[in-house]
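[1] Next comes the sequence, and after it the predicted model I'd like to discuss.
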Amino acid sequence: AQSVTQLGSHVSVSEGALVLLRCNYSSSVPPYLFWYVQYPNQGLQLLLKYTTGATLVKGINGFEAEFKKSETSFHLTKPSAHMSDAAEYFCAVSPNTGGFKTIFGAGTRLFVKA
Amino acid sequence: EAGVAQSPRYKIIEKRQSVAFWCNPISGHATLYWYQQILGQGPKLLIQFQNNGVVDDSQLPKDRFSAERLKGVDSTLKIQPAKLEDSAVYLCASSLDSAVGTRKDFGPGTRLTVT
């Protein structure tokens, strides 16, 4: 069975500060991992994904995430927050063997203070 | 490239009424998904189509929800009769194929309020 836990439903940072959004997963088979961003009144947009290979994955808008198998984590980071980063972020997991649906976390809303 | 289109964007109905949502996926995308996103939760897959066939509808409340994808392109999702707990954003997404790592493109969603 798969599950995703996003720690913190709300995160607030100052503009220019480090962004860290936490995601832990459980999966009975090696997973594919995803981060999506959702701006108000818009659909989800893929930020980045981990499938195989390098565990540090770079995405759009300066975001990156690191797959840590020993910690079952896939935390999302950005060195310097921008006002335009304010949005809701979803972590998601799929088993790489296929046949199962993608499971989304509950989401973390990021607030950026001027 | 045009994105995934959905209509209407907003809908308010009373409980026990019926409602239908429409989705036009990206041209050439064989796989189409309908998700339900309840406030404060992540999207939950309701149904997945591969062309015009259903791949997964295990989480679709079939006593009140139905969906079809005629000719493997556009899709409609219907709720009849609606319940208060159906209030949510209904997201349509499409992808080139159903492989796990394939990128999904999401539409803007339809926000349903059931009163």
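    Great, that's in hand.
[2] shouldn't B:Ala82 be in contact with B:Lys15?
    Yes. The pair B:Ala82 / B:Lys15 is scored as a contact, 5.8 Å apart, by CB atoms under 8 Å. All C-beta spots, glycine's among them, are computed from the backbone N, C-alpha and C.
[3] of those two, who's got more company?
    B:Ala82 (23 against 13; other CB atoms under 10 Å in any protein chain shown).
[4] hang on, the earlier thing: overlap of the contact sets of B:Ala82 and B:Lys15?
    Overlap of the contact sets of B:Ala82 and B:Lys15 (by CB atoms under 8 Å, 6 or more residues apart in numbering or on different chains) consists of B:Val114.
[5] which residues of chain A score low on pLDDT?
    Confidence mapping of chain A against pLDDT under 70 gives the ranges A:96-100.
[6] Residue numbers of it in contact with chain B?
    Neighbours of chain B within chain A, by CB under 8 Å from any CB of the partner chain: A:4, A:9, A:32, A:36, A:41-46, A:49, A:51, A:90, A:92, A:94-96, A:98, A:101-107.
[7] Now, of those residues, which are buried?
    Among the residues of chain A next to chain B, those classed as buried by 16 or more other CB atoms under 10 Å in any protein chain shown are A:4, A:32, A:36, A:43-46, A:49, A:90, A:92, A:94-96, A:101-105, A:107.
[8] hey, what's B:Ile79 bridged with?
    Following DSSP bridges, B:Ile79 is listed with bridge partners B:Val19, B:Phe65.
[9] Against B:Leu112, how distant is it?
    8 Å (CB to CB, to the nearest Å).
[10] And for A:Pro31?
    Distance, A:Pro31 to B:Leu112, by CB to CB: 31 Å.
[11] For the two, indicate the residue with more neighbours.
    A:Pro31 (25 against 20).
[12] burial count for the closest residue in space to that one that isn't next to it in sequence?
    For A:Pro31, ignoring the flanking residues on the chain, the nearest one in space by CB to CB, 6 or more residues apart in numbering or on different chains is A:Val93 at 4.8 Å. Neighbourhood size, A:Val93 [other CB under 10 Å]: 24.
[13] Could you pull up the residues touching A:Val93?
    Listed by CB under 8 Å, 6+ apart, the contact set of A:Val93 reads A:Gln2, A:Ser3, A:Val4, A:Tyr25, A:Ser27, A:Pro31, A:Tyr32, A:Leu33, A:Phe34, A:Thr102, A:Ile103.
[14] I'd assumed it was in a helix, is it?
    No. Using DSSP: H, G, I helix; E, B strand; the rest coil, the secondary structure at A:Val93 is strand, not a helix.
[15] Over to the residue most central in space within chain B: give its phi and psi.
    Residue closest to the average C-alpha location in chain B (CA atoms, centre = their mean): B:Trp34, at 2.8 Å. Torsion angles at B:Trp34 (phi, psi; degrees, to the nearest 10) stand at phi -120, psi 130.
[16] who's it bridged to?
    Beta-bridge partners recorded for B:Trp34 (DSSP bridges): B:Ile47, B:Cys92.
[17] Surely it and B:Leu77 touch.
    Yes. The criterion here is CB under 8 Å, and B:Trp34 meets it with B:Leu77 at 5.1 Å.
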